[in-house]
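# predicted coordinates and the sequence they were generated for:
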Amino acid sequence: MKSHYQLVILGGGPAGLSAGLYAARARLDHVLLEKGATGGQVLLTDWVDNYPGFPEGLTGFDLVERMAQHAKRFDLNVELACVTRVDLDDERKKVLHLEDGSMVTCDALIICTGARANTINVPGEQELRGKGVSYCGTCDAPFYRNMHVAVIGGGNTAIQEAEYLTKFASKVTVIHRRDSLRATKIIQEMAFANDKIEFLWNKRVTAIEGSNAVERLQLVDNDGSTSSLEVEGVFVLIGVTPNNAGLPLEQLNADKWGFIPTDIESRTCVPGVMAAGDICSKDVRQIINAAGEGAVAVLAAEKYLQGLH
């Protein structure tokens, strides 16, 4: 690995791979830095049914593999490296500090480090992920036609996703650990008016059970009493956490949750620094818009690099 590049792409999920494809095809002096296997959260997705061009659907692993193969056809340069700190103090030269003590500098940087869904950390959750345990209603709702599913959470996203799920599921049970929702009033009112949504208050899920797929949830009330609920799917919708360790969040004007704001061209407030994918401050986090943002970020980086000369 060289010590300096025109462009560094930080992260190898759909946004990073899309950015890598555009950077390699544009023949930019680039490198994509990834600390593990390329693919990001998509590798944990059992089945992708809504990515254009694949009408039969495919696994998350297969989709990422095809993205990687496509980029490699244009000689995408990928290096395994763990970035521990990003230094943006010098506007003309961005510095990335690596775990082994070395540094990589670049003229332009695209941050594609992504985010991860918050989990409830109960028995069965990890084992049944993709087998009835989901973290995205918009992504997976069509798999649950005429089924009874549960939603865990009480914020805007959880209640909006519960509403969306009623287009497919026969019944949606919202499980919330408090006696009132955090969602805004208008969203609450729509949910309360939907006869396909039922609410279980003051309860927490203590286990997700099933042999090969989700079959039931074990619950505990705030008073300690226990019960079970038979469902065919459960959507854990308690927020997402950005992968922002080592990023200069104050310089990047990160929002209160630690996500990075960008303009429509994927530019951050720091010249020469773009961001794409789930690390961005936005409402929609889907594979397709992450890939699109990765492409846009490279086009913005090209314009920036041209302005340096």
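Cool, got the structure.

# convert the C-alpha atoms of stretch 158-167 to PDB, please.
Output of stretch 158-167 as PDB, limited to C-alpha atoms (Å, rounded to 0.1, in the frame of the first residue of the first chain):
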ATOM      1  CA  ALA A 158     -40.900   1.400  14.800                       C
ATOM      2  CA  ILE A 159     -44.400   2.700  14.500                       C
ATOM      3  CA  GLN A 160     -44.100   3.800  10.900                       C
ATOM      4  CA  GLU A 161     -42.700   0.400  10.000                       C
ATOM      5  CA  ALA A 162     -45.500  -1.300  12.000                       C
ATOM      6  CA  GLU A 163     -48.000   0.600   9.900                       C
ATOM      7  CA  TYR A 164     -46.200  -0.400   6.700                       C
ATOM      8  CA  LEU A 165     -46.100  -4.100   7.800                       C
ATOM      9  CA  THR A 166     -49.900  -4.100   7.900                       C
ATOM     10  CA  LYS A 167     -50.000  -4.000   4.100                       C
END
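
# mind listing what's buried in that stretch?
Ala158, Ile159, Gln160, Glu161, Ala162, Glu163, Leu165, Thr166 (16 or more other CB atoms under 10 Å). To be clear about C-beta, it is placed using only N, CA and C from the backbone, and glycine gets the same treatment.

# name the residues that touch the helix or strand in which the second one is found?
Assigned by DSSP states H and E, Ile159 belongs to helix 156-165. Outside helix 156-165, the residues that touch it by CB atoms under 8 Å, 6 or more residues apart in numbering are 136-138, 141, 144, 149, 151-153, 172, 174, 181-184, 187-188, 190-191, 194, 197, 235, 237-239.

# and what of stretch 19-33?
Contact partners of stretch 19-33, identified using CB under 8 Å, 6+ apart, comprise 1-2, 5-12, 16-17, 38, 67, 70-71, 74-81, 83, 96, 104, 110, 112, 276, 294-295, 297-299, 301-302, 305.

# buried ones from the residues you listed, can you make that a ChimeraX selection?
In ChimeraX, this line selects whichever of the contacts of stretch 19-33 come out buried by 16+ other CB under 10 Å:
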select :5,6,7,8,9,10,11,12,16,17,38,67,70,71,76,77,78,81,83,96,104,110,112,276,294,295,297,298,301,302,305
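
# return stretch 178-194 as CSV; C-alpha atoms alone will do.
Taking Å, rounded to 0.1, in the frame of the first residue of the first chain, the C-alpha atoms of stretch 178-194 are listed here in CSV:
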residue,chain,number,x,y,z
ARG,A,178,-43.1,1.6,28.5
ASP,A,179,-46.8,2.5,28.8
SER,A,180,-46.7,5.1,26.0
LEU,A,181,-45.0,5.6,22.7
ARG,A,182,-42.1,8.0,21.9
ALA,A,183,-43.4,8.4,18.3
THR,A,184,-44.9,11.8,17.3
LYS,A,185,-48.6,12.1,18.0
ILE,A,186,-49.8,12.0,14.3
ILE,A,187,-47.9,8.7,13.8
GLN,A,188,-49.4,7.3,17.0
GLU,A,189,-52.9,8.3,16.0
MET,A,190,-52.5,6.5,12.6
ALA,A,191,-51.3,3.4,14.4
PHE,A,192,-54.0,3.4,17.0
ALA,A,193,-56.6,3.7,14.3
ASN,A,194,-55.2,0.7,12.4
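
# what packs against the strand ranked longest in the chain?
Criterion DSSP state E: the longest strand present in the chain is strand 103-111. In this structure, strand 103-111 packs against strand 4-10, strand 94-98, strand 273-275, helix 287-307, with contacts taken as 3 or more CB pairs under 8 Å, 6 or more residues apart in numbering; DSSP states H and E.

# including distance to Leu33, could the ones you listed go into TSV?
Below are the helices and strands packed on strand 103-111 laid out as TSV (distance: least, CB to CB, whole Å):
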stretch	distance to Leu33
strand 4-10	6
strand 94-98	7
strand 273-275	15
helix 287-307	14
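
# which one, of these, ends up nearest to Ala207?
The stretch from the helices and strands packed on strand 103-111 with the least distance to Ala207 (CB to CB) is helix 287-307; that distance is 30.0 Å.

# next SSE downstream of the helix holding Ile159?
Next along from helix 156-165, by DSSP H and E: strand 171-175.

# and that following strand, what does it pack against?
With contacts defined as 3+ CB pairs under 8 Å, 6+ apart, strand 171-175 has these neighbours: strand 148-152, helix 156-165, strand 197-200, strand 203-209.

# how far does the third one sit from its chain's centre?
Averaging C-alpha coordinates over strand 197-200 and over its chain gives two centres that are 27 Å apart (CA atoms, centre = their mean, to the nearest Å).

# how many neighbours does Val273 have?
Residues lying near Val273 (other CB atoms under 10 Å) number 28.
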